[in-house]
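Visitor: following is a predicted model, sequence given first.
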Protein chains: 2
Amino acid sequence: MSYEVISETASFGGVQGYYKHTAETLKCDMRFSVYMPPQAQEGKVPVLWYLSGLTCTEDNATVKAGFQRVASELGLMIICPDTSPRGEGVPNVEEYDFGQGAGFYVDATEKPWAEHFKMYSYITKELPSVIAANFAAADMEKQGITGHSMGGHGALTLFLKNQDVYKSVSAFSPIVAPMKCPWGQKALPGYLGDNPNVWAEYDACALLRKLGSVDTEILIDQGLADNFMEGQLKPELFEDACEATGQQLKLRRHEGYDHGYFFIATFMEDHLRHHAGVLTA
Amino acid sequence: MSYEVISETASFGGVQGYYKHTAETLKCDMRFSVYMPPQAQEGKVPVLWYLSGLTCTEDNATVKAGFQRVASELGLMIICPDTSPRGEGVPNVEEYDFGQGAGFYVDATEKPWAEHFKMYSYITKELPSVIAANFAAADMEKQGITGHSMGGHGALTLFLKNQDVYKSVSAFSPIVAPMKCPWGQKALPGYLGDNPNVWAEYDACALLRKLGSVDTEILIDQGLADNFMEGQLKPELFEDACEATGQQLKLRRHEGYDHGYFFIATFMEDHLRHHAGVLTA
């Protein structure tokens, strides 16, 4: 449960920190960032998890998404984990969409991935324990989750499977149906083997149809100039699943916006207000 | 005067672009970024130049400083140039504070630097011509200039020497007296030779004392946890020069903030409002 401070820097009246710890679940050292808003000086604050996409680390959103300003205003702690186990002892492949940088927020069962690639357990169990043990201001009764692309898939699936933990959810251009897109059709069998019933445990559309609607609105933003929208992201599949289950969904499609961090930064404020609206209600 | 589009991405209702051109002044290819606010669809908009610090390119502020949101609100075009000539034919040294990435916004006279290192002329003449010729919305009658560290030195000196061009100025943790700090005491003789009278042409404190006060307030933000403040930046020297000349100065010192982009992002909004206040008055 111990951790090491890499850096702590003043930002919008709060502190943007980078930290490192040895993750038992992943059997490697992992980095994560925490934005601590000024309100944390006076008491507990809600916690929002931001899960990044393929190739990213804890750093991308921390420096590019511009969440600190509104997190400071609303009093939200923002935690950005890395996207996979890392390091020399951890298996990897050349491709950008599998292995290191592409953990897909699952618990792998297949060799050689199963030994390290337990991102589902790491994000839902080990890292929250590290936060609870070391960041006294984190109100673990008030957690929300968001993410981008592969991390949007992570946010939606972790939320649906852990509704007792996460009270609010949103996503930026998420993979909503990994069973029905090339990225997922590579990652799910690669990490989990051949059984589609196991894949369905990590597919937001399948999970929503299985578990039924939840009592909170889901916010999703999607850029219409996003090159991955048609082939990989397929927001219409989540729209269908929400309609079939009666799930409240605010899916916004934005003309001209692509898949990158200028898109995320543009709509970050709306997401933080969405989460704060639930978590501080 | 031609240029090439590297990328153009929607951002806060406007467009964040990256561009490339062959700079005659510098005898190499150069990149720059332009944020075009939504107001540029309807007419001309003021132009704010952002000059970066040592080791930076046009990219650092563009992705980390978070200026797009407020530039979109205020209708400011933001231009970020690179900090030196670049490329294989351009001389360089191993050090981070001289050569490529460290042009210091001067016109070098010493070998081997004089052939390429003409950043003063590039920023004040060639790049503005490229902008005026290719970005019809740029109101070249309404230009302001800001920058960080070495780029803060650039902003202050270019402003003082070109008051007919730049109407507003500000700086984040600037080098205010390169003649009196190690970075400048290396760069000025290295690029300009042994004559202190030539160095003084690129020293904000010396220029202000020589030219006298200007009829606009200068805004400077400085973090008190900035490791370079005492040895390199010495804001008190600019305070003295302002007091001696009757120059209006708003110098704000911020407890806990360091020299990095989390500091810049925190106070960027105030700088954009400072410039808009002058440029759109």
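Guide: Noted; the coordinates are in hand. Residues are numbered from 1 along each chain as shown, chains lettered A, B, ... in the order given.
Visitor: which pLDDT value goes with A:A281?
Guide: We have a pLDDT of 84 for A:A281.
Visitor: near chain B, which residues of the stretch 1-150 of chain A are found?
Guide: A:T9, A:A10, A:S11, A:F12, A:G13, A:Q16, A:V63, A:K64, A:G66, A:Q68, A:R69 (CB under 8 Å from any CB of the partner chain). Heads up, the C-betas are built off the backbone N, CA and C, glycines and all.
Visitor: could you list which of those belong to strands?
Guide: Among these, the ones falling in strands (DSSP state E) are A:T9, A:A10, A:S11, A:Q16.
Visitor: for B:E236, see how far away the third one is.
Guide: So that's A:S11. 25 Å (CB to CB, to the nearest Å).
Visitor: for chain B, give me its nearest residue in the stretch 101-250 of chain A.
Guide: Closest to chain B within the stretch 101-250 of chain A is A:A225: 6.8 Å, counting by CB to the nearest CB.
Visitor: farthest pair within the residues of the stretch 1-150 of chain A next to chain B?
Guide: Within the residues of the stretch 1-150 of chain A next to chain B, A:G13 and A:K64 form the most distant pair, 20.2 Å apart (CB to CB).
Visitor: counting neighbours, go ahead and name the busier of the two.
Guide: Neighbours per residue (other CB atoms under 10 Å in any protein chain shown) separate A:G13 from A:K64, with A:K64 holding more: 19 against 16.
Visitor: tell me which residues touch the residue nearest to the more buried one when sequence neighbours are not counted, please.
Guide: Spatial nearest neighbour of A:K64, chain neighbours left out: A:Y261 (3.9 Å); criterion: CB to CB, 6 or more residues apart in numbering or on different chains. For A:Y261, the residues meeting the contact criterion (CB atoms under 8 Å, 6 or more residues apart in numbering or on different chains) are A:N60, A:A61, A:K64, A:A65, B:V63.
Visitor: which of the ones in strands among the residues of the stretch 1-150 of chain A next to chain B count as buried?
Guide: Neighbour-count burial (16 or more other CB atoms under 10 Å in any protein chain shown) applied to these gives A:T9, A:A10, A:S11, A:Q16.
Visitor: please identify which of those residues is nearest to B:G193.
Guide: Distance to B:G193, by CB to CB, is smallest for A:T9 among those, at 38.9 Å.
Visitor: tell me the bridge partners for that closest one.
Guide: Beta-bridge partners for A:T9, by DSSP bridges, are A:Q16.
Visitor: contact partners for it?
Guide: Counting by CB under 8 Å, 6+ apart, the residues that A:T9 touches are A:V15, A:Q16, A:G17, B:Y257, B:D258, B:G260, B:F262, B:F263.
Visitor: am I right that the last one is in contact with B:Y257?
Guide: Yes. The pair B:F263 and B:Y257 qualifies as a contact (CB atoms under 8 Å) at a distance of 4.3 Å.
Visitor: who touches both of the two?
Guide: A:T9, A:A10, B:G223, B:D226.
Visitor: which of the residues you listed lies closest to A:G53?
Guide: The closest of the shared contacts of B:F263 and B:Y257, once distances to A:G53 are taken by CB to CB, is A:T9, at 24.1 Å.
Visitor: report pLDDT for that closest one.
Guide: What the model reports for A:T9 is a pLDDT of 97.
Visitor: and for the residue of the stretch 101-250 of chain A closest to chain B, nearest residue in space, chain neighbours not counted?
Guide: For A:A225, ignoring the flanking residues on the chain, the nearest one in space by CB to CB, 6+ apart is A:D258 at 4.8 Å.
Visitor: that neighbour against A:M229, yeah?
Guide: No. Assessed by CB under 8 Å, A:D258 is found out of contact with A:M229, at 9.5 Å.
Visitor: circling back to that earlier point, so the residue of the stretch 101-250 of chain A closest to chain B, which of the three states?
Guide: Put simply, A:A225 is coil when judged by DSSP: H, G, I helix; E, B strand; the rest coil.
Visitor: burial of it, as a residue count?
Guide: Residues lying near A:A225 (other CB under 10 Å) number 14.
Visitor: now swap in A:A177 and tell me
Guide: What A:A177 shows, counting by other CB under 10 Å, is a neighbour count of 22.
Visitor: ok now do it, which residues does it touch?
Guide: Taking CB under 8 Å, 6+ apart as the test, what A:A177 contacts is A:G184, A:D203, A:A204, A:C205, A:A206, A:K234, A:L237, A:F238.
Visitor: check these for burial and list the buried ones.
Guide: Here, 16+ other CB under 10 Å leaves A:G184, A:D203, A:A204, A:C205, A:A206, A:K234, A:L237, A:F238 buried among these.
Visitor: and the residues you listed as a markdown table, adding distance to B:H148?
Guide: Formatted as a markdown table, those follow (distance: CB to CB, whole Å):
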| residue | distance to B:H148 |
| --- | --- |
| A:G184 | 42 |
| A:D203 | 45 |
| A:A204 | 42 |
| A:C205 | 46 |
| A:A206 | 49 |
| A:K234 | 42 |
| A:L237 | 45 |
| A:F238 | 42 |
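Visitor: inside helices: which ones of these?
Guide: Residues from the buried ones among the contacts of A:A177 lying in helices, with DSSP state H as the criterion: A:G184, A:A204, A:C205, A:A206, A:L237, A:F238.
Visitor: how close does the closest residue to chain B within the stretch 51-200 of chain A get to A:F135?
Guide: In the stretch 51-200 of chain A, the residue found nearest to chain B is A:G66; the distance is 4.4 Å by CB to the nearest CB. For A:G66, the distance to A:F135 (CB to CB) stands at 22 Å.
Visitor: how about the strands in the stretch 101-250 of chain A?
Guide: A:138-147, A:166-172, A:218-223, A:249-254 (DSSP state E, counting those that start in this stretch).
Visitor: quick check: angle from the last one to strand A:218-223?
Guide: Orientation note: strand A:249-254 sits at an angle of 10 degrees relative to strand A:218-223 (axes from the mean of the first three to the mean of the last three CA atoms, to 10 degrees).
Visitor: okay, now the sheet partners of strand A:249-254, with direction.
Guide: Applying DSSP bridges, strand A:249-254 is found paired with strand A:218-223 (parallel).
Visitor: excluding chain neighbours, what is closest to A:A136?
Guide: A:A136's closest residue in space is A:K44 (CB to CB, 6+ apart), at 7.9 Å.
Visitor: so what does the residue of chain A most remote from its centre have for phi and psi?
Guide: What lies farthest from the middle of chain A is A:E42; by CA atoms, centre = their mean that is 27.3 Å. When read as degrees, to the nearest 10, the backbone of A:E42 gives phi -110, psi -10.
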